[in-house]
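**Student:** sharing a model prediction with you, sequence too.
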Amino acid sequence: MNKLTAVYTQAIEHTKNKVIEDMNHYLESKDSLPSFNEYLNDRGHYLEQIWVNVWLNKVTNDVPKNEKKEFLREKGYEVQGVDRKLINKLFRDEMREFQPFHVSEWTEETFANQEQEWEQRYYQAKADFIKRQESNRLAELRHILSEEIGEMAADMLEKDYAELYLYVRHFTAKQLDADIKNNVKFQNIDTFALEEKLVDEGHFNPNSYTTVATFFAELTGDIHKTVHSGRSLYEYQTYFFVYESLISDFLSEVIPQRVLEKLPKEMKEQFEEAFGEKLTPSYIKGSMTQLLYEVEDYFIEDIQEEYLSDLLKIEVIPFDLTVHKQIFEKDYSERERKKAEEEAELQRKREEENRMMEDIFGQEYNPSLGRRVRYILHIGETNTGKTHHALEQMKQANSGLYLAPLRLLALEVYDKLNAEGTLCSLKTGEEEKIVAGANHFSCTVEMFHEKESYDIVVIDEAQMITDKDRGFSWYKAITKANAHEVHIIGSRNSKPMLLQLLGESDIEIHEYSRDTPLEVESKEFHIKHVKKGDALICFSRRRVLETASRLQSDGHTVSMIYGSMPPETRKKQIEQFNSGKTKVIVATDAIGMGLNLPIRRIVFLENEKFDGTRRRLLTSQEVKQIAGRAGRKGIYDVGKVAFTKDIRLMRRLLNQEDEPVHTFAIAPTNSVFERFQRYYRDLGTFFELWGKFKSPPGTKKASLAEERSLYNLIAGTEIEARLPLMDLYGFLHLPFSKNEPTLTRQWEDTMYAIIHGTPLPEPPYKERSLEDLELAYKALGLHLLFLYRLGERTEAIYWERLREEMSDKVQDKLKTDIRKFVKKCRNCGKNLPWDHAFPTCDACHSAKFRRRFGEDF
């Protein structure tokens, strides 16, 4: 109990000091000398309390926990496992009776019967009290004076700002003249690029700068430390920081001296009385630090707006307040006049640009559909026969155009119509199959031309009008279709927007419901539950191939569908499933776009997908679009839907009401480009204006990001110089995978061949792997896009045959290589379960976690 003993001694000394303090306070409050007994009578009750308070506070705070527990244990308490608060309470209660110090007895023994010392104590206490009062008075006076000096300084700065600015202006002018004459100019670089060596560009040319701010952006050649977002960083120093410091130092000297000179004599005398010394500029500077800091910003801001030539002009003129005031007023008036002229010119250019923008874009995206066109809307869920009914109407017409979202669907309709006796040609951009005597065409939506006329136009998957990249193709087709009847096929949530777009046109609406109901299975799906007619859905090519590999190893025959698969290969995979040659199909969400398959059950192996920026939960519309493929009347009269997890959540997404879409995508049209060329001839300016163009209500602009990225490759080159603007944009707009570097290089090489009049370079390809073959297929497709655009249809026949052969190779490669796509840990190569959500196994993940955070986790 060593600590307890030490604390006890300290508490006694502390208590004695408290008694003496209380005694002095008592004496200083009395007008005449009280006796010692009077003190005891008045304060006796408090004296005993002093010990209790001091002792309990010190012993609770200073004695360690283990000593407290030992003490309590000796007293018979059970302290094992008792929390700290209860230990402190029990110990404190015991300490109330622990060797009490009798304060009153000590006080009487120490101070009783000492009248002379008591009297001396009284007069000393009174003297200390008077001294303390005087000290408090002076402190209050100092505080009041400091506030008054600050207020007067603020008033002075407000009144004298213009005059002080003339001093700062002349000071800055002299410094600028010296820096421009004596220092060297460095090439401008990013100030944080310290790895780059500064390049000396010789002397400054004052005529190269308009305002002082433009000079302040120059580099001094030094490196300094700055703070950005709370972080200390080093960067190349600019003159702004130099002059910020110079002006700050100048003002810190000038302003306090000026304030001192303007303070009244009485205030200076009060200061000397309160502080015992004369008021100095140094004290004033310290008392207005924040004010100086704030006002310095105003001076620096105003200096930067000055013309550099105006300041260099006054450097040689000796400072005289009246003379420099006249010069400044003249310079300021001239500067304001120039600013007004510049603003008027800017306003004129803005108004001119607004008129030009209105002329170019104007009413282009607010179409008046007053033509004699009858619009027939086919609205309903997936797999309800909408497209079938529209095509039946088109077959009966003398001429017709079917516009598909995918080349595969265009090919499917082309085959279907010809098989049923309606002659039909095919145009997809990458291929043309012209059937002699055919008045019907099946095309991808991007192939639509508004000048062509038909009896009936059928536009499929119209809800795609909201797609930010491709939606404008549906917009153009719907609003510009030149036909007696336009059949528009769309989902339920697209109906309000389509009606809004068509306005007061002649509209007939057909709504469709499923003949085969959907039923969500109550049990979570496992791959061992797979059955004939199942379509397993995942959201990456890799996952499709891994799942198909697993199913084949389990003895199942499998078809596959994914986005980068050649359409001919996809068609063969579908035919195998339709004919029963394969029992199961594994696909991405590409299956949801118009493909008619005899699917018994749709199985979602994943509930999330990566949308290009993040991994997110599927939307209600996506779930419905995919799940709607389940069921086929006469084969599977109930469509089954299964999930591997979160069944309740996914069922809610499937069954919830569709949220109507309210915006559709717009993009440049031929008319827009024709009007643009009245003003400019370069696409760089067009992209700039398109960025400024404000999308009308209910629309969203196509980003044109892919077109712009391709344009940046050839901007300013002979390609841009030699091609007409609309031709160049047409090549930029070719539909190919612009995120593939190989295809982008092929595009650029082909563009140079076109302007040089040389043969088009052959598309690059390799055949080592499935990925190589798929990329080679895309390269052949891009080559064909160029050939058809250039009207080289005869040569295109040869390359179409090569592409068909490449599609066959992809099909063969799928058969031979599919078993290679086993899901493995990318670290150790161990086989992973079919539903493992991560690219590494649990063991590798745990090892990595231990290495990063230590063995204790």
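**Tutor:** Cool, got the structure.
**Student:** measure the residue lying closest to residue 187 once chain neighbours are set aside to residue 845 for me?
**Tutor:** Distances taken as Cβ to Cβ, 6 or more residues apart in numbering put residue 199 closest to residue 187, at 4.1 Å, once the chain neighbours are dropped. In short, each C-beta sits where N, CA and C put it, glycine included. Distance check for residue 199 against residue 845: by Cβ to Cβ, to the nearest Å, it reads 50 Å.
**Student:** and the gap between the residue nearest to residue 187 and residue 209?
**Tutor:** 19 Å.
**Student:** neighbour count for the two, which is higher?
**Tutor:** Neighbours per residue (other Cβ atoms under 10 Å) separate residue 199 from residue 209, with residue 209 holding more: 20 against 10.
**Student:** element containing residue 375?
**Tutor:** strand 374-380 (DSSP states H and E).
**Student:** list the buried residues in the helix or strand following that strand.
**Tutor:** Scanning forward in sequence from strand 374-380 by DSSP H and E, the next helix or strand is helix 386-396. Within helix 386-396, the residues that count as buried by 16 or more other Cβ atoms under 10 Å are 386, 387, 389, 390, 391, 393, 394, 395.
**Student:** and stretch 25-39, by the same measure?
**Tutor:** 26, 27, 28, 34, 36, 39.
**Student:** let's see which of these end up in helices.
**Tutor:** 26, 27, 28, 36, 39 (DSSP state H).
**Student:** count of neighbours near the nearest residue to the third one once chain neighbours are set aside?
**Tutor:** If I follow you right, that is residue 28. What sits nearest to residue 28 in space, not counting adjacent residues and going by Cβ to Cβ, 6+ apart, is residue 129, at 3.8 Å. Using other Cβ under 10 Å, residue 129 has 15 neighbouring residues.
**Student:** so residue 129 is in which element?
**Tutor:** helix 115-182.
**Student:** next, the buried residues of the next helix or strand after that helix.
**Tutor:** With elements assigned by DSSP H and E, the helix or strand that comes after helix 115-182 is strand 184-186. Neighbour counts over strand 184-186 (16+ other Cβ under 10 Å) mark 185, 186 as buried.
**Student:** any idea how far the residue nearest the centre of the chain is from residue 573?
**Tutor:** The centroid of the chain falls nearest to residue 613 when counting by Cα atoms, centre = their mean (10.5 Å). According to Cβ to Cβ, residue 613 and residue 573 sit 30 Å apart.
**Student:** could you do residue 288 as well?
**Tutor:** For residue 288, the distance to residue 573 - Cβ to Cβ - is 82 Å.
**Student:** repeat that for residue 351.
**Tutor:** For residue 351, the distance to residue 573 equals 59 Å [Cβ to Cβ].
**Student:** between those two, who's got more neighbours?
**Tutor:** More crowded of residue 351 and residue 573, by other Cβ under 10 Å: residue 573, with 22 against 10.
**Student:** ok, back up a step: what's in contact with the strand holding residue 375?
**Tutor:** 386-387, 389-390, 393, 484-492, 494-495, 498-499, 502, 505-513 (Cβ atoms under 8 Å, 6 or more residues apart in numbering).
**Student:** and stretch 43-57, by the same measure?
**Tutor:** By Cβ under 8 Å, 6+ apart, the list of residues contacting stretch 43-57 reads 8, 11, 14-15, 18-19, 22-23, 26, 92, 95-96, 98, 100-101, 103-104, 107.
**Student:** PyMOL command for the buried members of these?
**Tutor:** Buried residues among those (16+ other Cβ under 10 Å), as a PyMOL selection:
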select buried, resi 8+11+14+15+18+19+22+23+26+95+101+103+107
